[in-house]
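Asks: pasted the sequence and its predicted model underneath.
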Amino acid sequence: MKLYYYIFLVFIIFSKQSYAKIENTNINYKLKLSILGVSIKIGEINSYMKIKDNNYSLKFTLASENLINLVTSINGEGNVNGKIADLMLYPGNYQYKYTKKNKEKNTQILFNNSFVTSSLTIPKFDKNKLTPIIDSMLISVIDPVTAIIYLGDYTLNKECTKNYRIFDGKRRYNLKYTNKFNEDDYIICRLIQEKIGGFKLSDDENDIFKPAQEIDTYFKKVNDMYILEKIITKNNFSNLMIDVSYF
């Protein structure tokens, strides 16, 4: 699987506070890949989130680095805009542009009350090489960034009980909570990925960047609030860890 998709599944975009108290938030994410016990920084994500009058917007930039650039150098930027009502997020417009090995790609999705009304990816991908997506799969869905906002907030995700139907312009997948447990000072919420459509017909089991099937989010209680401090994901060959800085 492509590195940018692997990163999308695991980087968290949210702040230390309840969403209702946020006006402007900047967060830096350092991504570290561990393979056979060796850890290497593979990139950074910088995000800016704004909430005003029950509307939310988020912009982010992504850059890979170090040895990963020898495999698949990626630089990208994206944004999502939507509305908030009754602790629910409703995306309106999602866009993600990135450059990989001097080739540019651009995806834009328009939503109306969690229904996909339009989806365009340039250049187009060959749907014949992917598992099918039918119209009924695009009902009650959100974009990957909106889903990740949910994952990072213990109130919005209803204490790790809310599941997510996600469409990124190419793939349709679900993220589902399967377990919640205590470890040291953390509450750990575990999710698994369920593939629905838009995935390669042939699955490369030896791909070290294959998206994690299991994702653990670590929350710690600070001043009567549960704060996301880290996330760890695993596939057959590697772990991804994320360091989060707020400013």
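Replies: Received the coordinates, thanks.
Asks: from now on I want contacts and neighbour counts done on CA atoms only, so please keep to that.
Replies: OK.
Asks: can you show me the helices along this protein?
Replies: For the chain, the helices defined by DSSP state H cover 3-10, 68-72, 144-151.
Asks: which residue, other than its chain neighbours, is closest to Ile215?
Replies: Closest residue in space to Ile215, ignoring its immediate chain neighbours: Thr233 at 4.6 Å, by Cα to Cα, 6 or more residues apart in numbering.
Asks: just Lys97 next, same as before
Replies: Per Cα to Cα, 6+ apart, closest to Lys97 is Asn106, 4.4 Å.
Asks: bridged to that neighbour, which residues?
Replies: When bridges are called by DSSP bridges, Asn106 pairs up with Lys97, Ile122.
Asks: quick check: pLDDT value at Leu33.
Replies: With respect to pLDDT, Leu33 scores 67.
Asks: where does the protein have low pLDDT?
Replies: 1-42, 65-73, 203-212, 235-247 (pLDDT under 70).
Asks: one more time with 50
Replies: Applying pLDDT under 50 to the chain flags the ranges 1-22, 67, 70, 206-210.
Asks: and the gap between the residue of it most remote from its centre and Glu229?
Replies: In terms of distance from the mean C-alpha position of the chain, Asn223 ranks first, at 26.9 Å (Cα atoms, centre = their mean). For Asn223, the distance to Glu229 equals 14 Å [Cα to Cα, to the nearest Å].
Asks: repeat for Leu87
Replies: From Leu87 over to Glu229 the distance is 22 Å, taken as Cα to Cα.
Asks: more crowded one of the two?
Replies: Glu229 (18 against 14; other Cα atoms under 10 Å).
Asks: you'd agree that one is up against Lys220?
Replies: Yes - here Glu229 reaches Lys220: they are 6.8 Å apart, a contact under Cα atoms under 8 Å.
Asks: can you count the residues close to Asp53?
Replies: 9.
Asks: actually Ile231, not the one I typed
Replies: A count of nearby residues for Ile231, using other Cα under 10 Å, gives 22.
Asks: which residues does the residue lying closest to it once chain neighbours are set aside contact?
Replies: Once flanking residues are discounted, Ile231 sits nearest to Thr217: 4.6 Å by Cα to Cα, 6+ apart. Residues in contact with Thr217 (Cα atoms under 8 Å, 6 or more residues apart in numbering) are Leu151, Gly152, Ile188, Cys189, Arg190, Leu228, Lys230, Ile231, Ile232.
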